[in-house]
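Novice: this one's structure only:
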């Protein structure tokens, strides 16, 4: 299996022999088995597979929201496999941007405050820098004019665009998207996917979990997970060439 489709690019993420087991009521559930995966800087990849196959668990591990039982994880050249919770939180806040299916906006915070919230935990930024970063990211998703509105005053598509702004405001090394169009109609889904396309063209590294084959095909690389294992890893350009 080739995990280095874009060989001339710098590896950003390197997973080696990752295993994740959940223990409940004396039952072992092997969510991930011997996962080996390299994501190069600037890549756009999608992760697909049936429900319960392990793709969301894989995204949680990539996002440092969970830890593996065994294996190695290198992020931007640093070993993050065995960090304590506080150190994981610091790296996650600075290096990783999240886009969730359910938006996860805080209802009593304005759009600008929601976007700024992750930045407030960073001691390397001044209030002025945070404000500029919030403005830049909202402008990128065409939501600057709604900066003082609250989530309840926005449509679902607008809320997801704010969520995208929040994910990119800190200029993370990688953007992790978990079913980013799952709660949207087709028109708004298209808008959000177009935003991800544009972010990738500008150099963003994106890893997206999706059930939608059309969304998956927009990535330059598709990974299929089944029963906790990567069973396919191929360039969408190769797939398109075969289809032709």
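Specialist: Yes, it's here. As the structure is a prediction and not an experimental result, all values here were calculated from the model.
Novice: going forward, measure contacts and count neighbours with C-alpha atoms only.
Specialist: Fine.
Novice: From residue 21, how far off is the closest residue to residue 143 other than its chain neighbours?
Specialist: Closest residue to residue 143 apart from its sequence neighbours, by C-alpha to C-alpha, 6 or more residues apart in numbering: residue 162 at 6.9 Å. In this view, residue 162 and residue 21 are 34 Å apart by C-alpha to C-alpha, to the nearest Å.
Novice: so where do the strands sit in this protein?
Specialist: 11-24, 27-40, 44-48, 70-75, 78-79, 96-100, 174-178, 206-209, 221-226, 229-235 (DSSP state E).
Novice: comparing those, which gets the lowest mean pLDDT score?
Specialist: Among the strands of the chain, strand 78-79 has the lowest mean pLDDT, at a mean of 89.
Novice: Okay, now the sheet partners of that one, with direction.
Specialist: strand 70-75 (antiparallel) (DSSP bridges).
Novice: hmm, who's touching the partner strand?
Specialist: Contacts to strand 70-75, defined as C-alpha atoms under 8 Å, 6 or more residues apart in numbering, come from residues 12-20, 34, 79-81.
Novice: Can you tell me which residue sits nearest the middle of the protein?
Specialist: residue 176 (0.3 Å; C-alpha atoms, centre = their mean).
Novice: what about stretch 118-135, distance to the chain center?
Specialist: 21 Å (C-alpha atoms, centre = their mean, to the nearest Å).
Novice: same deal with stretch 13-32?
Specialist: Using C-alpha atoms, centre = their mean, the offset of stretch 13-32 from its chain centre is 20 Å.
Novice: Start and end of that stretch, how far apart?
Specialist: 17 Å.
Novice: In it, which residues are buried?
Specialist: 13-15, 18-20, 31-32 (16 or more other C-alpha atoms under 10 Å).
Novice: Distance of the spatially closest residue to residue 191 that is not a sequence neighbour relative to residue 130?
Specialist: Leaving aside its sequence neighbours, residue 191 sits nearest to residue 157 (C-alpha to C-alpha, 6+ apart; 7.9 Å). Here the criterion is C-alpha to C-alpha. By it, residue 157 lies 24 Å from residue 130.
Novice: same deal with residue 75?
Specialist: For residue 75, the distance to residue 130 (C-alpha to C-alpha) stands at 24 Å.
Novice: show me where pLDDT drops low in the protein?
Specialist: Scanning the chain for pLDDT under 70 picks out the ranges 1-9, 237-244.
Novice: re earlier: can you name the residues that contact the residue nearest to the centre of the chain?
Specialist: Going by C-alpha under 8 Å, 6+ apart, residue 176 touches 59, 63, 96-99, 206-208.
Novice: Noted, bye for now.
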